[in-house]
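>>> Okay, sequence plus prediction incoming.
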Amino acid sequence: MTTAPNEQLDVERIRADFPILATILHAQAGTAGVPLAYLDNAATTQRPRQVVQSMVDVYEKHYANVHRGIHWLSDQSTDLFEEARGKVSAFIGSASTEQVIFTHGTTESINLVARSWGDANLQVGDEILLTEMEHHANIVPWQQAAERTGALVRFLPVTDDGRLALDKLDEYLTPRTKMVAVAAVSNVLGTINPVPEIVARAHAAGALVLVDAAQSVPHTKTDVTALGADFLAFSGHKMLGPTGVGVLYGKRELLEAMPPFLGGGSMIRRVTTSGFEPAELPAKFEAGTPPIVPAIGLGAAIHYLNTIGIEAVHQHELRLTRLAHEVMSGVGGVRFLGPEPEHKSGIVSFTLERVHAHDIAQLLDRQGIAVRAGHHCAMPLHKRLGIAASSRASFYFYNTAEEVERLGRALEEIKRIFRRK
Amino acid sequence: MKGVPFRTELILTVLSQHALQVAMPLEEDELYQERILDHYEEPYHRGACPGATHAHEEDNPLCGDVVRVELAIDDGKICDAYFSGDGCCISQASASMLIEQICGRRLDEVTAFTGADMLQLFGAKLTPNRQKCCLLCWRALQSAIYSPVAAGPVETGSGEQPAGGTHDNCP
């Protein structure tokens, strides 16, 4: 099924792997109902049969706890779990599998760094630089770290067209800046941020960089070595995998120097009544029984993405984003949040004049179209944009041009409902 | 009702399953009905209340809905009431309906007006999540009657005469 970058994906064939995408909603006596158009992929994606089956197989044939039992099943489970780590490591271009830590999601990954690295390294007056377009998961852990350490959280502004004000970066990067935490792709605006440039400039100023890659790893090629990022965090459930598993990648010397985050089983080398010695990487940061089956499911998801080709995924989403801009521009009163499609991922957030985001989402749902409405866990960004809430359509490689066109027609219909006079 | 018990049960089960299937779209049709849209697009007493003695603002940070209720209370009675705010159709239409309902009412009538009464006044059936939108104005109102405004004539809501004298602008 491997596809060359510019080749169109065989979406119909792909969709056959996702039974949920064939759902018919709101069917009732006398009416056929409406087919689901799942456009809420930035919140979470659906998963193909292959991923679900991989997890069923583990539970039915290979499941036991990992790294613990000296028995056949435990060996099987451990092999599959570590194989999954290897797939993740290769997928993001990590130099070694020990730098790939399984967490429970992006949020936990960022909290791990803010707690472990933050508490050990931040001091009164130090600065943590975030951006106005961050998800709450990349804001609150740093605000908590600032509260504990006396450091200061600052926010790099966002321009009116929804891009980072990079011309102001040097002004915000001071000798006191110890950490720059930035989203690779905004979960609201869809803006693709120039991470390599930010990393280079932050490093030149003596700061480390954490990349919130929750919205980028599932959609575009990621090479942590080329990016130069010190830490990179993402979740399994936004890339065909199950919930409950995420990843923290970190540079080896940083991870080795950091104190453990959560304490418990697995993360120790030795425990005595007077103390403990932490384990080697990556176990040091994986206290307790890890999300074994979700991690194996994530491995299967990566295998699936590799068969399609991440570049083909990216190109398909770009086509849908361009089409969405085209179709929705024709609906009067639509305001797009964020830049033009060429600077965007498969995320199209918008407002519709006189109609609140929740009313839009409810009326779209009536037509089978699933979008997110609200502040998308980015309240500072919405405040910056001067709005309380927005609607967000977000695409994945299994979405079709027809679904995007349905969205446009449905918005026309909503306008009719609200413009009766 | 006198049928064989297991048959009745079976019929009821079938009926309720059917009802469940058809319920959602019908309720939603009801949600954006004319009466509600009328209140949303041409609200009753949206704006600042002249001679306001009491006011309170409530918001729902989750969806960004905001409703502010301003009241002119005199002699234990709501002589005038206005609302302002921003938010979804439900939050704003319900505020318009509520203000229309309580204008000219005595305070004891207003305090006796429950959340359930509010949902009934709104009329359309709402999911628990969207009941919050509908109850936002009601929460703002219930707090407003205990929230004298600092600048204007202050009244406690106990029926004392305000400094500004009496006025009644409710129809």
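Ah, there it is. Numbers count the residues shown, from 1 in each chain, chains lettered A, B, ... in the order given.
>>> CA only for contacts and neighbour counts going forward, please
Noted.
>>> the domain parsing of chain A - what is it?
Domain assignment for chain A by automatic domain parsing gives A:11-35+A:310-418, A:51-306.
>>> Quick one: closest of these to chain B.
Evaluated over the domains of chain A, closeness to chain B peaks at domain A:11-35+A:310-418, with 4.7 Å, by Cα to the nearest Cα.
>>> So which residues of chain B form helices?
B:5-31, B:34-41, B:89-102, B:107-111, B:115-122, B:128-144 (DSSP state H).
>>> The last one - what's its average pLDDT?
It refers to helix B:128-144. Across helix B:128-144, pLDDT averages out at 95.
>>> could you check the angle helix B:89-102 makes with that helix?
Taking axes from the mean of the first three to the mean of the last three Cα atoms, to 10 degrees, one finds helix B:128-144 and helix B:89-102 inclined to each other by 40 degrees.
>>> Buried ones in helix B:128-144, by neighbour count?
Within helix B:128-144, the residues scored as buried using 16 or more other Cα atoms under 10 Å in any protein chain shown are B:131-144.
>>> circling back to that earlier point, CSV please, covering the domains of chain A and showing mean pLDDT, mean neighbour count and distance to chain B.
Output for those, formatted as CSV (pLDDT from 0 to 100; neighbours: other Cα atoms under 10 Å in any protein chain shown; distance: least, Cα to the nearest Cα, whole Å):
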stretch, mean pLDDT, mean neighbour count, distance to chain B
domain A:11-35+A:310-418, 95, 19, 5
domain A:51-306, 97, 20, 13
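>>> picking up where we left off before, which of the buried residues of helix B:128-144 sits closest to chain A?
Chain A lies nearest to residue B:133 out of those, by Cα to the nearest Cα, at 10.1 Å.
>>> Pull the distance from stretch A:197-210 to the chain's centre.
21 Å (Cα atoms, centre = their mean, to the nearest Å).
>>> So, low pLDDT: which residues of chain B?
Within chain B, the stretches with pLDDT under 70 are B:1-29, B:151-168, B:171.
>>> hmm, try it at 80
B:1-30, B:62-63, B:150-171 (pLDDT under 80).
>>> Okay, domains of it per the record?
Domains of chain B are assigned by automatic domain parsing as B:5-30, B:39-144.
>>> In a markdown table, list the domains of chain A along with distance to residue B:111.
Formatted as a markdown table, those follow (distance: least, Cα to Cα, whole Å):
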| stretch | distance to residue B:111 |
| --- | --- |
| domain A:11-35+A:310-418 | 30 |
| domain A:51-306 | 38 |
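>>> Of all those, which one comes closest to residue B:48?
Among the domains of chain A, domain A:11-35+A:310-418 comes nearest to residue B:48, with 20.6 Å by Cα to Cα.
>>> quick one on the thing from earlier: tell me the most buried of the domains of chain B?
Of all the domains of chain B, domain B:39-144 carries the top mean neighbour count, a mean of 20, counting by mean count of other Cα atoms under 10 Å in any protein chain shown.
>>> How about that domain and chain A, any contact?
Yes: using Cα under 8 Å from any Cα of the partner chain, a contact is recorded between domain B:39-144 and chain A, made by B:62-65, B:87-89.
>>> Put together JSON lines for the buried residues of helix B:128-144, with distance to residue A:53 on each row.
Shown next, in JSON lines, are the buried residues of helix B:128-144 (distance: Cα to Cα, whole Å):
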{"residue": "B:131", "distance to residue A:53": "39"}
{"residue": "B:132", "distance to residue A:53": "40"}
{"residue": "B:133", "distance to residue A:53": "41"}
{"residue": "B:134", "distance to residue A:53": "43"}
{"residue": "B:135", "distance to residue A:53": "45"}
{"residue": "B:136", "distance to residue A:53": "45"}
{"residue": "B:137", "distance to residue A:53": "49"}
{"residue": "B:138", "distance to residue A:53": "50"}
{"residue": "B:139", "distance to residue A:53": "49"}
{"residue": "B:140", "distance to residue A:53": "51"}
{"residue": "B:141", "distance to residue A:53": "54"}
{"residue": "B:142", "distance to residue A:53": "54"}
{"residue": "B:143", "distance to residue A:53": "54"}
{"residue": "B:144", "distance to residue A:53": "57"}
